[in-house]
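Q: Got a sequence here, can you model it:
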Amino acid sequence: MGPGSRKVSAVLTMADYRGVYNAPDDALRVFAELDTFDMLCPAYDRPQTIADVRRWLRDAALTDVVVRPGHNGIEARGRRPR
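A: Numbers count the residues shown, from 1 in each chain. All right, here's what the predicted structure looks like:
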């Protein structure tokens, strides 16, 4: 792809991760397709709050829980109790 292809993708409202992530081209294409669909189909978007996600992890009885705003939404992690 040429140097202007990222600009064309932006104008067409298409995600483009070339040069952003170090991943194989086929993986970058899949990420772009999924994210483009997410951007253009808000009817299927179900945003959650940080409190909701914290509750899910608590209800799952996870420990060492961390929930915070992330790059593209909410990042969450926890551990199963031993």
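Q: alpha carbons only for contacts and neighbour counts from here, please
A: Will do.
Q: Roughly how far does residue 37 sit from residue 77?
A: From residue 37 across to residue 77, the span is 26 Å (Cα to Cα, to the nearest Å).
Q: same check, this time on residue 51
A: In terms of Cα to Cα, residue 51 sits 14 Å off from residue 77.
Q: out of those two, which sits in the more crowded spot?
A: Taking other Cα atoms under 10 Å, residue 51 and residue 77 do not tie; residue 77 has more neighbours (14 against 10).
Q: For that one, which residues count as its bridge partners?
A: Residue 77 has these beta-bridge partners by DSSP bridges: residue 66.
Q: quick one, what contacts it?
A: Residue 77 makes contact with 64-67, according to Cα atoms under 8 Å, 6 or more residues apart in numbering.
Q: what's the neighbour count on residue 63?
A: Neighbour count for residue 63, taken as other Cα under 10 Å: 14.
Q: From residue 52, how far off is the nearest residue to it once chain neighbours are set aside?
A: In space, and not counting its chain neighbours, residue 63 is closest to residue 79: 5.1 Å by Cα to Cα, 6 or more residues apart in numbering. The gap separating residue 79 from residue 52 is 18 Å, by Cα to Cα.
Q: Which parts of this structure are helices?
A: 5-11, 25-40, 50-59 (DSSP state H).
Q: how is the protein carved up into domains?
A: Following automatic domain parsing, one finds the domains of the chain at 5-44, 50-79.
Q: pLDDT averaged over the shortest one - what is it?
A: For domain 50-79, the mean per-residue pLDDT is 94.
Q: Next, the buried residues of that domain.
A: Buried residues in domain 50-79, counted by 16 or more other Cα atoms under 10 Å: 50, 53-54, 57, 78.
Q: Pull the most distant pair out of these.
A: Greatest spatial distance among the buried residues of domain 50-79 (Cα to Cα): 50 and 78, at 14.1 Å.
Q: Surely residue 68 and residue 51 touch.
A: No: using Cα atoms under 8 Å, residue 68 is not in contact with residue 51, being 9.8 Å away.
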